[in-house]
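**Student:** here is the input, now give the coordinates:
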Amino acid sequence: MNGPLAYFITWTVYGTHLPGSEKWWRNRSEISLPPRPKLEEWCRNQLRYPVLTLSVDERQVVKSTVALHANIRKWNLWAVNARTNHVHVVISAQSVLWNIIRDQLKAYCTRDLRTDFSRWRGRPVWTKGGDCEFIDTMDELENVINYVLYGQD
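**Tutor:** Numbering: from 1, shown residues only. Sure, this is the predicted structure:
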């Protein structure tokens with residue numbers, strides 16, 4: 001098999017995880033960076049839309065959309081968890097780059113959220129990009145699935 005066993009993909013809801021946040025943040029060259037309150041404040045002031053979080057019903061739409069799209073594409077969806085401010089997906093897709101998977105899932109989730117919930121129309125739903133960890137062993141896969149399904153509360 002070419003590539004990793006699976007991808008652990010995460011993306012966030014628009015405005016909920018800003019650079020400089022004390023919770024966690026990354027840039028393109030670092031794994032994890034310390035809080036930078038002035039940077040976070042500057043980024044907050046640059047937001048063009050109010051920060052919204054996903055309701056229980058919206059989270060269900062995201063989960064259903066991810067599962068449906070994975071099924072259509074014949075990708076192996078190991079786990080999905082839509083939280084109020086981010087989404088985790090553990091997925092395998094032979095010969096498909098993780099960023100393609102992420103971008104397709106975000107696009108279809110955006111479409112379905114905007115169709116079902118008017119508050120998402122005419123505004124961004126997600127932050128740009130997202131994060132990915134490559135899962136290379138069955139032990140890593142089991143651990144990340146457990147984290148996504150049970151380790152979030």
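**Student:** which residues does the helix or strand of the chain with the lowest mean pLDDT contact?
**Tutor:** None of the helices or strands of the chain scores lower by mean pLDDT, DSSP states H and E than helix 37-46, at a mean of 88. Helix 37-46 is contacted by residues 15, 18-22 when judged by C-beta atoms under 8 Å, 6 or more residues apart in numbering. The way it works is simple: take the backbone N, C-alpha and C, and place the C-beta from them, glycine included.
**Student:** again, 7 Å this time
**Tutor:** For helix 37-46, contacts defined as C-beta atoms under 7 Å, 6 or more residues apart in numbering pick out 18-21.
**Student:** same check on stretch 83-98?
**Tutor:** Counting by C-beta under 7 Å, 6+ apart, 2, 5-13, 16-17, 53-54, 62, 66, 70, 73, 75-81, 101, 105, 132, 144-145, 148, 152 sit against stretch 83-98.
**Student:** between the two ends of it, how far is it?
**Tutor:** End-to-end span of stretch 83-98 (C-alpha to C-alpha, to the nearest Å): 20 Å.
**Student:** give me the distance from it to the chain's centre.
**Tutor:** Taking C-alpha atoms, centre = their mean, to the nearest Å, one finds the center of stretch 83-98 at 7 Å from the center of the full chain.
**Student:** one step back: list the buried ones in the least confident helix or strand of the chain?
**Tutor:** 40, 43 (16 or more other C-beta atoms under 10 Å).
**Student:** could you point out which element follows that helix?
**Tutor:** Following helix 37-46 in sequence order, the next helix or strand is helix 56-73 (DSSP states H and E).
**Student:** I appreciate the help and will end here.
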